[in-house]
Structure formats: C-alpha cells, structure tokens
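# Quick one: sequence plus predicted model below, questions after.
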Amino acid sequence: MDYLLPGERFDELQRNGYRIIQNPAKFCFGMDAVLLSGFARAKRGERVLDLGTGTGIIPILMAAKTEGEHFTGLEIQEESADMAARSVACNGLQQKIDIVNGDIKEASGIFGAASFDVVTTNPPYMTDTHGLKNPDMPKAIARHEVLCTLDDVVREGAKVLKPGGRFYMVHRPFRLVEIFQTMTKYKLEPKRMKLVYPMADREPNMVLIEGIRGAKSMIKIEKPLIVYEKPGVYTSEIYDIYGY
C-alpha cells in the first residue's frame with residue numbers, strides 16, 4: 001500500500017522501527033513534541049488522549065516508549081488527522097492508536113467525562129496578539145491560538161480525565177503564571193515541572209508540566225534539561241530521549 005501523498009515523506013523515529021509521514025510545506029513536528037513524549041508517563045492498562053495531535057507524533061512515540069494500553073489523538077485539521085491515521089496504519093498500530101478528527105473545545109462531548117487516565121498536549125504557544133501569525137494556515141493553527149485557547153485545552157483536558165488522572169503539557173515559560181492559574185482553576189494541580197534550556201547559559205525556552213486532577217498542592221521542580229552541549233551537539237539526555 002502506498003501511504004504517501006504528493007509532497008509527503010517518511011521520517012524515521014528511531015523507536016521500534018516506527019516512521020511518521022510529514023509534509024515539510026505544511027507542518028513538521030518539533031523537539032517539543034519529542035520532549036513531551038519523554039516527560040509524560042503512561043502505565044500498564046492506562047488510556048491516553050493527545051489533544052491537538054497534529055500528525056500523531058506523540059501517540060506514536062508514547063506507544064513505543066510506554067506501557068500505556070491505548071492512545072487516542074484528537075486533531076481538528078482534516079489533512080493532519082488523515083496524515084496521522086496513515087502513519088498509524090503504516091506502523092501497524094491500528095489496534096493501539098485511534099486518530100479522531102475533531103475540535104479540542106468539544107473533547108469532553110466527543111469522548112465523555114472522566115474517560116482517560118492520561119492527557120497529553122502540545123498546544124499553540126502564542127495568543128492571537130503574540131508574534132506574527134504564519135500566513136500558511138496549518139502552521140498558524142499549530143502555533144497560534146486561532147482555533148483554541150489555553151483555557152480550552154486545560155478545561156477539556158480536566159473534563160476528560162478521571163479523578164487522579166495526569167495531564168502533561170509542553171509550553172513556553174513566559175506564560176507560566178497563566179498556565180498555573182488556568183490549571184488550578186480547573187482543579188488540575190501542577191505536580192512536576194521541568195524547564196528546557198537551549199544551552200546552559202541561555203534562558204529557558206520550553207517548560208514541561210505535569211498536573212494531577214484533584215490533587216493537593218505541592219510541586220516538584222525537576223533538574224533542568226539542557227538541549228545542546230555546544231552548538232550542533234546534543235547533550236546525552238537529549239540523545240536518550242530521541243533514542244539515538
């Protein structure tokens with residue numbers, strides 16, 4: 001079966017021989033998705049929902065890295081959802097991963113309340129007022145809050161989680177105050193946080209957060225993650241996460 005459409009390519013994921021279909025002219029996954037798949041935890045028997053799955057990178061990587069029983073990716077852009085479904089099929093993961101074409105804002109209506117043990121999300125980082133919107137719509141939707149806001153993502157994530165369920169998100173540090181306020185508003189208590197620095201002497205440019213639905217207040221700040229030892233050379237921790 002020919003899984004690729006014009007303009008698409010296979011990229012190797014360095015895990016279990018898995019590949020992912022991408023179209024460089026549209027949107028390709030970034031390091032943030034890979035780091036989230038390494039930070040998030042899914043235990044044996046758990047069901048996981050990825051909100052805004054794009055081309056399915058997080059469910060596919062977590063299927064390879066964790067003992068989670070089943071993964072679902074929710075994606076509003078039909079083209080991306082179709083690409084994700086074809087990636088799932090080409091890796092023979094149809095029994096393990098479902099891709100659903102739908103809106104994050106309606107996630108609890110689509111799946112029902114308290115239906116997942118774990119939620120992961122790599123949402124748009126920029127509000128409508130932050131930065132320049134990409135004129136190419138698929139990229140703009142992935143990077144800017146065009147179709148959903150942080151509030152939408154956290155609210156729906158909290159609703160679909162079982163009590164005690166875990167919420168994992170990668171975002172930008174400059175929005176940390178808003179992130180914590182929004183999480184606590186929806187009873188998702190921040191429990192773990194890891195800052196990601198491009199290099200040791202730079203400011204952090206990503207933050208990985210775990211919240212637990214209905215937990216008591218106490219957060220653990222983990223050792224920071226440094227991406228580059230020197231320009232062009234990853235640290236050993238990044239190599240471990242990527243599986244090289």
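Perfect, thanks for sending it.
# Which stretches in this protein count as strands?
For the chain, the strands defined by DSSP state E cover 9-12, 19-22, 47-51, 70-75, 97-101, 116-121, 161-171, 188-197, 206-213, 220-221, 225-226, 228-230, 233-234.
# Take those and lay them out in TSV including mean pLDDT.
Below are the strands of the chain laid out as TSV (pLDDT from 0 to 100):
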stretch	mean pLDDT
strand 9-12	93
strand 19-22	95
strand 47-51	98
strand 70-75	98
strand 97-101	98
strand 116-121	98
strand 161-171	98
strand 188-197	98
strand 206-213	98
strand 220-221	98
strand 225-226	97
strand 228-230	93
strand 233-234	94
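# where exactly do the helices run in the protein?
Using DSSP state H, the helices of the chain run over 31-39, 57-65, 78-90, 107-111, 137-143, 150-160, 176-185, 236-242.
# Those: which one's closest to M206?
Nearest to M206 among those is helix 31-39 (5.7 Å), distances taken as C-beta to C-beta. Quick note: C-beta positions are derived from backbone N, CA and C, even for glycine.
# Grab the nearest non-local neighbour of K159.
Excluding the flanking residues, the one nearest K159 by C-beta to C-beta, 6 or more residues apart in numbering is S108, at 3.7 Å.
# what sits against the one you found?
S108 makes contacts with E156, K159, V160, as judged by C-beta atoms under 8 Å, 6 or more residues apart in numbering.
# Can you tell me which of those is closest to C90?
Using C-beta to C-beta, V160 comes nearest to C90 of the contacts of S108, at 27.6 Å.
# Double-check the closest one against D50; I have them as touching.
No - the pair V160 / D50 is not scored as a contact, 11.3 Å apart, by C-beta atoms under 8 Å.
# Looking at those two, which one has more neighbours?
D50 (31 against 25; other C-beta atoms under 10 Å).
# In contact with the more buried one, which residues are there?
Applying C-beta under 8 Å, 6+ apart to D50 gives the contacts G56, I58, P59, M62, F71, T72, G73, L74, V119, T120, T121.
# Run through the bridge partners of it.
Beta bridges link D50 to G73, T120, judged by DSSP bridges.
# Distance-wise, check it relative to K96.
13 Å (C-beta to C-beta, to the nearest Å).
# overlap in contacts of these two?
F71.
# before we move on, back to that, I'd like the strands of the chain as TSV, with distance to R41 appended.
As requested, the strands of the chain are exported to TSV (distance: least, C-beta to C-beta, whole Å):
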stretch	distance to R41
strand 9-12	24
strand 19-22	22
strand 47-51	10
strand 70-75	13
strand 97-101	17
strand 116-121	7
strand 161-171	7
strand 188-197	10
strand 206-213	8
strand 220-221	13
strand 225-226	16
strand 228-230	26
strand 233-234	23
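# Looking at those strands, which is nearest to R86?
Set against R86 and scored by C-beta to C-beta, the strands of the chain come closest in strand 19-22, at 5.5 Å.
# ok, L188 - how many residues close by?
By other C-beta under 10 Å, the residues close to L188 number 27.
# quick one on the thing from earlier: spit out the residues that contact V160 and D50 alike.
Common contacts of V160 and D50 (C-beta under 8 Å, 6+ apart): V119.
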